[in-house]
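In: Sequence and predicted structure below; questions after.
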Amino acid sequence: MTAEKLLVFVEYTYYNGRGNWDRELMKRLAEKGWKIEAICCPFSEQYKNEEKALRSLGVNFNYVPFNKIGFVTYSVIKLFNILNKNNAILYTPSRRLIPFYYPVTKIYGAPIVFSVQGGALKELDIMPEFKSVRDNKIHYHMKKNIIKIQSKICSKISDRIIVISKTIENELLDLNVSNDKIELIYYSVDVNSFSNDSACRRTIRSKYGISDNDVLICFVGRLSKKVPTRLWSVEKLLEVVSKINNNNVKVMIVGDGDYIYNMESKCKKLGLSNKTVFTGFISHDQIPFFLSAADFFWFVMKDPLPTYGMALQEAMSCENIVITNNSGSMKEIVSNGVNGFLLDPESENLDEQLIEIFNTDVKKLNMIKKHARKDMVDKCSWDTIIHEIESVLRSL
């Protein structure tokens, strides 16, 4: 059924992080017949195929230069022109942009859907990226108050608020945001594309010299100095594996980044050069092949983040056994010993916990894999999630 209202998606980029989710959401809605205008910065060369696929579905892109002041100015003008000609709904995940768009949406009576995919206050308190802010008490309190004000304003002027975890929902409720506006809708996963493929498993393992008997732990993500949380995660994985006296335990790092060379050097120091594979950049449509090759998926972060990441769900859909934090929003997705494993990353016996996991009865591990896949199909497939999102949109 074709929708009556146009959807206007606004975000700086539709690749990396939350942009991946919104890009896939655009695709699914376009396939359902929704007409979409997207205001964003140009796609990077690595994501040109994704851009082309969206254009083929009728998504129209309005590009803005990589300049934040220029982005705000241009996007407001473009939004004004779009709403002047169309009955539309505005969808954006940016609390920084919504106040600038509100006067335009108010003129034309266009509803706003605020998609909150991160807990800004929680992130400020725990993420290493903000350590310098936390060290300066004045700066920290100013930043925290600004986030609170932004969140309250955006929540007040938005018609619906979509959150992807209970942790984020609770953060908004603590700011006295009306519960009537909030819709808890988890990230979704393409369970058809992200499924275990035994042929791909053999091909990938053969290509990288990994035997059928090897236990392969996979990490997916770009390693950059700008995201120290991921660097900590991979370094912790390598340190733990170096303590495990088992030559059959191997690590695969899927992704590129400016810190790859440093991580390769760390592998040499730890004596893991022959046990670690760095694949470099792999396009998103190829990720299922590499997940099929893995046995375990490493998603352990230093701090209990309010988000859990689509990578975790994609791994579960491919029947990987996920190892992640026993805290934060991870516990909303993973049940310890049922569809994955939860552990404390700061535990002194982390290597012993991993050895115990690797030595788990094969039948139980296979059961965990099946539970992980079933949970993604039943609870987080696009067939389920797109219906929930459409219900929100059609209510406006």
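Out: Done, it's in.
In: where does Ile153 land in three-state SS?
Out: helix (DSSP: H, G, I helix; E, B strand; the rest coil).
In: Kindly tell me how buried it is, as a neighbour count.
Out: Neighbourhood size, Ile153 [other Cβ atoms under 10 Å]: 14. Where you see a C-beta, it was placed from the backbone N, CA and C, and this is true even at glycine.
In: got a pLDDT number for the residue nearest to the spatial centre of the chain?
Out: The centroid of the chain falls nearest to Gly309 when counting by Cα atoms, centre = their mean (3.3 Å). What the model reports as pLDDT for Gly309 is 76.
In: Could you report the separation of the closest residue to it other than its chain neighbours from Tyr308?
Out: Using Cβ to Cβ, 6 or more residues apart in numbering and skipping residues adjacent in sequence, the residue nearest Gly309 is Phe299, 6.8 Å away. Separation of Phe299 from Tyr308 (Cβ to Cβ, to the nearest Å) stands at 8 Å.
In: Identify the contacts common to the two.
Out: Here Phe299 and Tyr308 have 324, 330 as joint contacts, going by Cβ atoms under 8 Å, 6 or more residues apart in numbering.
In: any idea how far Asp180 is from the residue nearest to Gly309?
Out: Taken as Cβ to Cβ, the span from Phe299 to Asp180 is 33 Å.
In: Mind checking which of the two has more residues around it?
Out: Using other Cβ under 10 Å, the more surrounded residue of Phe299 and Asp180 is Phe299, with 25 against 8.
In: quick one: contacts for that one?
Out: By Cβ under 8 Å, 6+ apart, the contact list for Phe299 reads 219, 233, 308-309, 311-312, 315, 322-325, 330.
In: and Leu238, how many neighbours does it have?
Out: By other Cβ under 10 Å, 20 other residues sit near Leu238.
In: Can you tell me the element it falls in?
Out: Assigned by DSSP states H and E, Leu238 falls within helix 228-243.
In: now Ser391
Out: Using DSSP H and E, Ser391 falls within helix 382-394.
In: And the average pLDDT for that helix is what?
Out: Taken as a whole, helix 382-394 has an average pLDDT of 94.
In: how near is Asp361 to Ile368?
Out: 10 Å.
In: So for the two, which residue has more residues nearby?
Out: Ile368 (23 against 8).
In: Need the pLDDT of that one.
Out: We have a pLDDT of 96 for Ile368.
In: who wins for most neighbours among the contacts of Phe299?
Out: Result: Ala315 is most packed of these (other Cβ under 10 Å), 31 neighbours.
In: what residues are up against Lys226?
Out: Applying Cβ under 8 Å, 6+ apart, we find Lys226 in contact with Glu129.
In: tell me the SS of it?
Out: On the basis of three-state DSSP, Lys226 is classed as coil.
In: okay, it: pLDDT?
Out: For Lys226, pLDDT reads 83.
In: what's the neighbour count on Glu50?
Out: The burial count for Glu50: 22, using other Cβ under 10 Å.
In: Which SSE is immediately downstream of the helix or strand it falls within?
Out: Counting by DSSP H and E, the element that carries Glu50 is helix 48-56. Using DSSP H and E, the helix or strand that follows helix 48-56 towards the C-terminus is strand 60-63.
In: Could you give me the buried positions within that following strand?
Out: By neighbour count on 16 or more other Cβ atoms under 10 Å, the buried set for strand 60-63 is 61-62.
In: Export only the CA atoms of that strand, formatted as PDB.
Out: Output in PDB follows, covering the C-alpha atoms of strand 60-63 (Å, rounded to 0.1, in the frame of the first residue of the first chain):
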ATOM      1  CA  ASN A  60      15.800  11.300  -3.700                       C
ATOM      2  CA  PHE A  61      19.000  12.700  -2.100                       C
ATOM      3  CA  ASN A  62      19.600  16.300  -1.400                       C
ATOM      4  CA  TYR A  63      23.300  16.600  -0.600                       C
END
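In: Three-state assignment for Asn84, please.
Out: Per three-state DSSP, the local secondary structure of Asn84 is helix.
In: What separation do you get for the residue lying closest to Leu25 once chain neighbours are set aside and Ile333?
Out: Distance criterion Cβ to Cβ, 6+ apart; nearest residue to Leu25, sequence neighbours excluded, is Ile389 at 7.0 Å. Separation of Ile389 from Ile333 (Cβ to Cβ): 18 Å.
In: So these two - more neighbours on which side?
Out: Regarding Ile389 and Ile333, a neighbour count based on other Cβ under 10 Å identifies Ile333 as having more, with 24 against 21.
In: domain assignment for this protein?
Out: Domain segmentation of the chain under automatic domain parsing yields 6-188+381-394, 198-379.
In: Could you tell me the end-to-end distance of the longest one?
Out: Read that as domain 6-188+381-394. End-to-end distance for domain 6-188+381-394: 11 Å, by Cα to Cα, to the nearest Å.
In: what do you get for the last one?
Out: Using Cα to Cα, the end-to-end distance of domain 198-379 comes to 24 Å.
In: before we move on, the earlier item: just give me the closest of the contacts of Phe299 to Ile161.
Out: Tyr308 (18.4 Å; Cβ to Cβ).
In: so how many other residues sit close to the nearest residue to that closest one once chain neighbours are set aside?
Out: What sits nearest to Tyr308 in space, not counting adjacent residues and going by Cβ to Cβ, 6+ apart, is Ser329, at 4.7 Å. Under the neighbour criterion other Cβ under 10 Å, Ser329 is assigned a count of 23.
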